[in-house]
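K.L.:
here's a sequence, model it:
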Amino acid sequence: MPVEHPRTRTLRVLLEPQNPALALQLGLHPDIDVVRDAATRPEVALVEEVAAVTALLEDVPECRILVLTGSARPGLREAALAAGAAGLIVRDGPVEDLADAIRRASTGETVIDPALG
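P.N.:
Take a look at the predicted model:
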């Protein structure tokens, strides 16, 4: 008798700018679908610049946006959250942590990487 597995929700995730290596790694998670542009109405977006948060929210107001950073710069956390970001994540951390942050952000949680305290 076949076993039925519960269907998991697939999250559409936008990378801005595009990052093929990261897209490939995130795409290995069955519940994450990396999309190419905002016209696909992503649930979560990963951006590298705080300025991109405002622009993306104008196009897709329901999108939850995580800002990727290489380090904790003074004022970055506050600027990202003030712009409307759902959180701030270290760019070079484990992809499993990033996938978890995407899932958490999609549920409405504000996500701050513990490394950025």
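
K.L.:
mind checking how far the lengthiest helix in the chain is from the chain centre?
P.N.:
Criterion DSSP state H: the longest helix present in the chain is helix 95-106. Distance of helix 95-106 from its chain centroid, counting by C-alpha atoms, centre = their mean, to the nearest Å, is 7 Å.

K.L.:
model confidence over that helix, on average?
P.N.:
Averaging pLDDT along helix 95-106 gives 96.

K.L.:
also stretch 28-40?
P.N.:
On average, the pLDDT along stretch 28-40 is 94.

K.L.:
ok, now stretch 46-58?
P.N.:
95.

K.L.:
so the closest residue to Thr40 other than its chain neighbours is in which element?
P.N.:
Spatially, and ignoring its direct neighbours in sequence, Thr40 is nearest to Arg12 (5.7 Å; C-beta to C-beta, 6 or more residues apart in numbering). Every residue, glycine included, has its C-beta placed from N, CA and C. Using DSSP states H and E, Arg12 maps to strand 11-16.

K.L.:
between helix 95-106 and that strand, find me the angle.
P.N.:
110 degrees (axes from the mean of the first three to the mean of the last three C-alpha atoms, to 10 degrees).

K.L.:
could I have the next helix or strand after strand 11-16 exported to CSV, CA atoms only?
P.N.:
Counting by DSSP H and E, the next helix or strand C-terminal to strand 11-16 is helix 20-27. Provided in CSV are the C-alpha atoms of helix 20-27 (Å, rounded to 0.1, in the frame of the first residue of the first chain):
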residue,chain,number,x,y,z
PRO,A,20,23.5,30.9,-9.1
ALA,A,21,25.6,29.1,-6.5
LEU,A,22,23.2,30.0,-3.7
ALA,A,23,20.2,29.4,-5.8
LEU,A,24,21.5,25.8,-6.5
GLN,A,25,22.1,25.2,-2.8
LEU,A,26,18.7,26.6,-1.7
GLY,A,27,17.0,24.6,-4.5
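
K.L.:
could you say what helices and strands helix 20-27 packs with?
P.N.:
Under the contact criterion of 3 or more C-beta pairs under 8 Å, 6 or more residues apart in numbering; DSSP states H and E, helix 20-27 touches strand 11-16, strand 32-35, helix 95-106.
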